[in-house]
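Asker: Just the structure for this:
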Amino acid sequence: MPDTPYVPPKVWTHDAPSGGKFASINAPTAGAREEKALPVGQHPLQLYSLATPNGVKVNIMLEELLALGHRGAEYDAWLINIGEGDQFGSGFVEINPNSKIPALVDRSIDGEPLRVFESGSILVYLAEKFGAFLPTEVRASTETLNWLFWQMGSAPFLGGGFGHFYAYAPEKYEYPINRYAMEVKRQLDVLDRQLAEHRYVAGDDYSIADMAIWPWYGGLVLGELYGAGEFLSVHEYQHVQRWAREIAERPAVIRGRKVNRTWGDESEQAPERHSAADLD
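Answerer: A predicted model of the protein is given here:
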């Protein structure tokens with residue numbers, strides 16, 4: 001820690017650089033930073049994303065729908081490179097004013113194309129549109145949404161909290177790493193206790209709750225997130241481990257993880273996806 005404790009000023013300003021991996025794109029304001037139209041492909045659904053944990057959720061959902069035979073779920077996936085600031089182009093801001101991936105445009109409905117942003121909202125939209133991976137019975141549906149929104153509320157502590165200070169911050173600080181490590185382990189314990197009694201997160205059936213939670217917490221316990229598996233003793237969460245491995249073996253998950261991916265083994269990358277052949 002610094003020798004002189006930090007004392008917050010009366011009014012915060014953006015004078016000093018924030019440092020860290022994403023310092024060049026961080027700003028306290030919203031809106032477009034450049035005029036840049038989005039490409040449009042031939043399929044009903046247009047996805048603009050990157051294969052981060054939040055982006056992978058939707059890729060998996062679309063590939064699972066196609067695996068079930070829903071031909072209307074065919075999609076074009078276009079790369080939004082958040083490290084280069086693509087999310088601040090005018091076309092992307094028009095479909096997501098929050099400038100975060102993923103964002104989806106449905107061009108199959110009457111009238112103007114429909115924008116859908118926020119990964120949880122996209123999962124619910126697609127589940128309702130195609131009648132899949134979200135139960136219709138009220139108790140089962142509510143339990144699925146309980147866990148979907150658990151992920152939406154919990155993951156910022158894992159990503160923006162623990163992940164930032166453990167992996168991306170310009171310096172390592174004991175207090176925030178300890179604070180967020182404790183919370184992430186608590187969340188893993190919540191998930192482990194649930195999966196001790198159920199095959200999937202919301203019950204006996206695979207659902208959008210699993211698709212939302214797996215890229216974050218499944219990736220973490222499989223050693224694919226922040227290189228923090230040993231630090232967090234993820235081997236302790238045996239039920240999460242069992243669930244994570246099972247989902248990782250699903251063909252649609254294997255395919256979906258390739259979409260909008262630009263790192264790792266070349267055989268696992270598909271920066272754009274316009275047909276099933278792009279993932280073969």
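Asker: which residues in this protein form helices?
Answerer: 53-67, 90-95, 119-130, 138-156, 174-195, 208-213, 219-221, 238-248, 251-256 (DSSP state H).
Asker: So which residues make contact with the third one?
Answerer: Okay, so that is helix 119-130. 54-55, 57-58, 61-62, 65, 68, 70, 72-73, 102, 104, 106, 116, 133-134, 145, 148-149, 151-152, 208, 211-212 (CB atoms under 8 Å, 6 or more residues apart in numbering). The way it works is simple: take the backbone N, C-alpha and C, and place the C-beta from them, glycine included.
Asker: I'd guessed L68 sits against A132; true?
Answerer: Yes - judged on CB atoms under 8 Å, L68 makes contact with A132 at a distance of 6.0 Å.
Asker: and the two? which has more neighbours close in?
Answerer: A132 (16 against 13; other CB atoms under 10 Å).
Asker: Contact partners for the more buried one?
Answerer: 64-65, 68, 70.
Asker: rerun at 10 Å
Answerer: Applying CB atoms under 10 Å, 6 or more residues apart in numbering to A132 gives the contacts 61, 64-65, 68, 70, 73, 126, 207-208.
Asker: Please apply the same query to T13.
Answerer: By CB under 10 Å, 6+ apart, the neighbours of T13 are P28.
Asker: ditto for L62
Answerer: 45, 47, 70, 73-75, 77, 104, 122, 126, 130, 252, 255-256, 259, 273.
Asker: One more pass at 8 Å, please.
Answerer: 45, 47, 73, 75, 126, 256.
Asker: most neighbours, which of those residues?
Answerer: Counting by other CB under 10 Å, top hit in those: G256 with 30 neighbours.
Asker: doesn't E63 make contact with that one?
Answerer: Yes - here G256 reaches E63: they are 4.2 Å apart, a contact under CB under 8 Å.
Asker: Before we move on, what's the pLDDT of H14?
Answerer: H14 is assigned a pLDDT of 83 by the prediction.
Asker: Quick check: phi and psi on it?
Answerer: phi -100, psi 40 (degrees, to the nearest 10).
Asker: Could you count how many residues lie near it?
Answerer: 10.
Asker: Give me the phi and psi angles of the closest residue to it other than its chain neighbours.
Answerer: Computed as CB to CB, 6 or more residues apart in numbering, the closest residue to H14 that is not its neighbour in sequence is P28, at 5.3 Å. With angles defined as degrees, to the nearest 10, P28 sits at phi -90, psi 10.
Asker: my read: P28 touches D15, true?
Answerer: No - using CB under 8 Å, P28 is not in contact with D15; the gap is 11.2 Å.
Asker: Next up, the contacts around A37.
Answerer: 89-91.
Asker: Any chance of JSON lines for the residues you listed, columns distance to V40, pLDDT and neighbour count?
Answerer: Putting the contacts of A37 into JSON lines (distance: CB to CB, whole Å; pLDDT from 0 to 100; neighbours: other CB atoms under 10 Å) gives the following:
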{"residue": "G89", "distance to V40": "14", "pLDDT": "97", "neighbour count": "19"}
{"residue": "S90", "distance to V40": "15", "pLDDT": "98", "neighbour count": "14"}
{"residue": "G91", "distance to V40": "10", "pLDDT": "98", "neighbour count": "16"}
